[in-house]
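**Student:** Any chance you can model this:
(chains A and B)
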There are 2 protein chains.
Amino acid sequence: METAAIRVEDRDTPDRAAFADWLSSTNDITRAFLAAGQIPGLINVAGGLPDPATYPADAIADIAAKAIRDYPAETLGYGPIEGLPDLRTIIAERYSTAKMTLSNRNVLITTSGMQGLDLIGKVLLNKGDVVAGQFPTYLGALDAWRPRQATFRNMDLTSADCDPPAAMQDAKFAYTVPNYSNPTGRLVGADMRRRMLAAARLTGAWLIEDDPYGSLNYDGPQIPSILEMAMQGGTTGPVVYMGTMSKLISPGLRVGWVIAAPEMIEALTLAKQGSDLCTSGITQRIACDILQSGMIEARQPVVATHYRNRRDALCAAMSDHLSDWFDWEVPAGGMFVWATARDPRIDTDRLFSIGLAEMVCFAPGSVFDAHGADRRSMRLNFTLNAEDKLVEAVRRIALTVERFLKEAI
Amino acid sequence: METAAIRVEDRDTPDRAAFADWLSSTNDITRAFLAAGQIPGLINVAGGLPDPATYPADAIADIAAKAIRDYPAETLGYGPIEGLPDLRTIIAERYSTAKMTLSNRNVLITTSGMQGLDLIGKVLLNKGDVVAGQFPTYLGALDAWRPRQATFRNMDLTSADCDPPAAMQDAKFAYTVPNYSNPTGRLVGADMRRRMLAAARLTGAWLIEDDPYGSLNYDGPQIPSILEMAMQGGTTGPVVYMGTMSKLISPGLRVGWVIAAPEMIEALTLAKQGSDLCTSGITQRIACDILQSGMIEARQPVVATHYRNRRDALCAAMSDHLSDWFDWEVPAGGMFVWATARDPRIDTDRLFSIGLAEMVCFAPGSVFDAHGADRRSMRLNFTLNAEDKLVEAVRRIALTVERFLKEAI
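**Tutor:** Residues are numbered from 1 along each chain as shown, chains lettered A, B, ... in the order given. As a prediction, this is how the structure comes out:
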């Protein structure tokens, strides 16, 4: 994708001090997606957005007002860097198992899951350090770690050749989204999870388990988290687990959490101190009340049914219109279908541009690869748009492919 | 101050990958202050906290509920990285002058003023780059830039010897809190502001003007911001201005803003993309409604009177109890009195520890100096505690000094 061009204007001198080196290596594809979302009539299946209709707005409005009235100092003041004690306690309890009871010292509240990734980069990465990343991977994670100038080593957990100890050798950490990964929607199986944990123990690499999609399970098996596997041994060990309220309840809260060994939580807390000092007491108290109220458990089946129907509509339309050119697996959870071109002439970066003219926007595979090499795949989101829109999006993508094959080759 | 000791425990292997280098150079003094705040009976004049009684909780509770009901998608969804357009527009209008109209392209919403500092570090600093910082300076700014491994060059803006062009030569940026600076409470005069702006134009350094305390003016003169001075020429030029809702309304919102040239806003936006993706729509919408409602203008004189009385109580008690050993200026605004020992035997790092035993906690001068060299000064906050508590705090500090002089020397 295009490298971000920072326009130089409003300058009173031609030689203002330069931006940091990493900025020349970043991309602004996320902003391109968001901007595309503003074009009237365009159908955007590129982003990873929940359906706004799923936000329990009235309930959250009531919770917010009550939280601010009942806890004015806690919601409106500066809070502890690590997060509100009540919220940390609830999270610690939710993730405790028969084998290990977690305490507040294992929990850091973050301003969104993305901040967790940023803090991980800050506390672990020196320039040039190696990150072994599940490939293809969440582009936000790459964004978060670019300012640290890390080196990315791809790790394809779905390949039979994947050798976790080799991938993690000399890496500061490994990064995985085992549940319905962004972008592929795939579930990492129990055996590979165990192998990753063993490899982290063997190599000394930390193991970042990012789990935004675990609650969006439509018809997949329940596989223990890597955190839970580690806790069988009575310790979180190398696992740094990240959770969020964004996918099932509301991303507008910007509330996430990290669960890890106290030494890691302490380091992350020092990094958070210099990042935003503390997460908003208002949104933390709302999150606390949501977790206490049972809203998560009540909403999970409702949201899951809603998104399962949309997934089915998207995949049916893909079978009708795209099966000549693409392969995909129907994901058992999450937000995305990952389609890879069987037709070797297809270049999804070029399809992306033509698609905008056909009024459809998807995410090209290259943005999920630190090296930008995958130009055969695309990611389609099925949570934001209603069924009829998804069918129309697929129809437009099919037109895009036809136009590409006719014009561009 | 003590370097952060990260305890190593819950380890399953003795050689887990090491933390990033900068962590060994950081300090956990902010956490020490916050922890001290939890000791029953201790009077904490160390922090920089507003009086919770000033938070307009009922009004914000109503605003929050209405904001979520009226704007469910905007408050509960992902928003633009740069911030809600309505909020950016209000900020742009508030800072526009007769000489220059600002647009949304000049405004980035940040998750607190602290995040603005973090983003500045990300977009400008490579390892070893020079920051010319107003000295003594806000320790949060030092915290924010430590992960970038910058080199700090002190710049004493109150000294007649201060030479801004020399200080800014080859610096990526200069950092100043010109209004009632943290920690000294001093106001940087119009002439020095002009000299800094000229020096930034001459050297090419960016000029970070951090203004959390401008609204807390008790009896000081109104001096134009450096941003306003730059805008006389029809451009924001080298100035990167930072504002916040934290001091006058509520830090719990964690809403701040940056005003700068569009090229800088674009770079900061890329950095924000990888930091937390966007600021909470809930807190942004609340901020928007607060700014539109006139609440700021209505509350400013009320809060200013409240804090002026506390400042006067603190300074009167200091005159009664500390004038044998310390000098200070009565600040015309802000949150702090900065006292410097005239008595050369006094070491405020050691006083800090003894003070905790006397049940009083102040901020020792060493934490406001990148090189930790100032052990003669202390910062006393007068906004958090009521008048009687402030008088008692000063009495305890006097006892601390007496005990120190008797025992420690």
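
**Student:** what about the helix or strand hosting residue A:64, near chain B?
**Tutor:** Taking DSSP states H and E as the criterion, residue A:64 maps to helix A:57-70. Yes - shown here: helix A:57-70 in contact with chain B (C-beta under 8 Å from any C-beta of the partner chain) through A:57, A:58, A:60, A:61, A:62, A:64, A:65, A:66, A:68, A:69. All C-beta atoms are positioned from the backbone trio N, CA, C, and that covers glycine.

**Student:** Reformat the residues you listed as JSON lines; add pLDDT and neighbour count.
**Tutor:** As requested, the residues of helix A:57-70 next to chain B are exported to JSON lines (pLDDT from 0 to 100; neighbours: other C-beta atoms under 10 Å in any protein chain shown):
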{"residue": "A:57", "pLDDT": "97", "neighbour count": "20"}
{"residue": "A:58", "pLDDT": "97", "neighbour count": "12"}
{"residue": "A:60", "pLDDT": "97", "neighbour count": "27"}
{"residue": "A:61", "pLDDT": "98", "neighbour count": "22"}
{"residue": "A:62", "pLDDT": "98", "neighbour count": "15"}
{"residue": "A:64", "pLDDT": "98", "neighbour count": "29"}
{"residue": "A:65", "pLDDT": "98", "neighbour count": "20"}
{"residue": "A:66", "pLDDT": "98", "neighbour count": "16"}
{"residue": "A:68", "pLDDT": "98", "neighbour count": "30"}
{"residue": "A:69", "pLDDT": "98", "neighbour count": "16"}
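
**Student:** Among those, which one sits closest to residue B:135?
**Tutor:** Proximity to residue B:135 was ranked across the residues of helix A:57-70 next to chain B by C-beta to C-beta; first place goes to residue A:68, at 38.7 Å.

**Student:** dump the residue contacts of the closest one.
**Tutor:** With contact taken as C-beta atoms under 8 Å, 6 or more residues apart in numbering or on different chains, residue A:68 is in contact with A:75, A:76, A:282, A:285, B:57, B:60, B:61, B:64.

**Student:** 10 Å - rerun?
**Tutor:** Taking C-beta atoms under 10 Å, 6 or more residues apart in numbering or on different chains as the criterion, residue A:68 is in contact with A:74-76, A:281-282, A:285-286, B:55-65, B:250, B:252, B:286.

**Student:** which stretches of the stretch 1-150 of chain A have low pLDDT?
**Tutor:** A:1-14, A:25-35, A:37 (pLDDT under 70).

**Student:** Can you show me the helices along it?
**Tutor:** Using DSSP state H, counting those that start in this stretch, the helices assigned to the stretch 1-150 of chain A run over residues A:29-36, A:57-70, A:72-76, A:85-95, A:113-124, A:139-145.

**Student:** Next, see if the helix ranked longest in chain A gets close to chain B.
**Tutor:** The longest helix of chain A (DSSP state H) is helix A:295-321. No - using C-beta under 10 Å from any C-beta of the partner chain, helix A:295-321 never reaches chain B; the gap is at least 13.0 Å.

**Student:** which of the residues in that helix are buried?
**Tutor:** Judged by neighbour count (16 or more other C-beta atoms under 10 Å in any protein chain shown), helix A:295-321 contains these buried residues: A:295-296, A:299, A:303-304, A:306-308, A:310-311, A:313-315, A:317-318, A:321.

**Student:** Just give the number of residues close to the residue of the stretch 101-250 of chain A found nearest chain B.
**Tutor:** Going by C-beta to the nearest C-beta, chain B is nearest to residue A:143 of the stretch 101-250 of chain A, at 3.5 Å. Residue A:143 has 26 neighbours, counted by other C-beta atoms under 10 Å in any protein chain shown.
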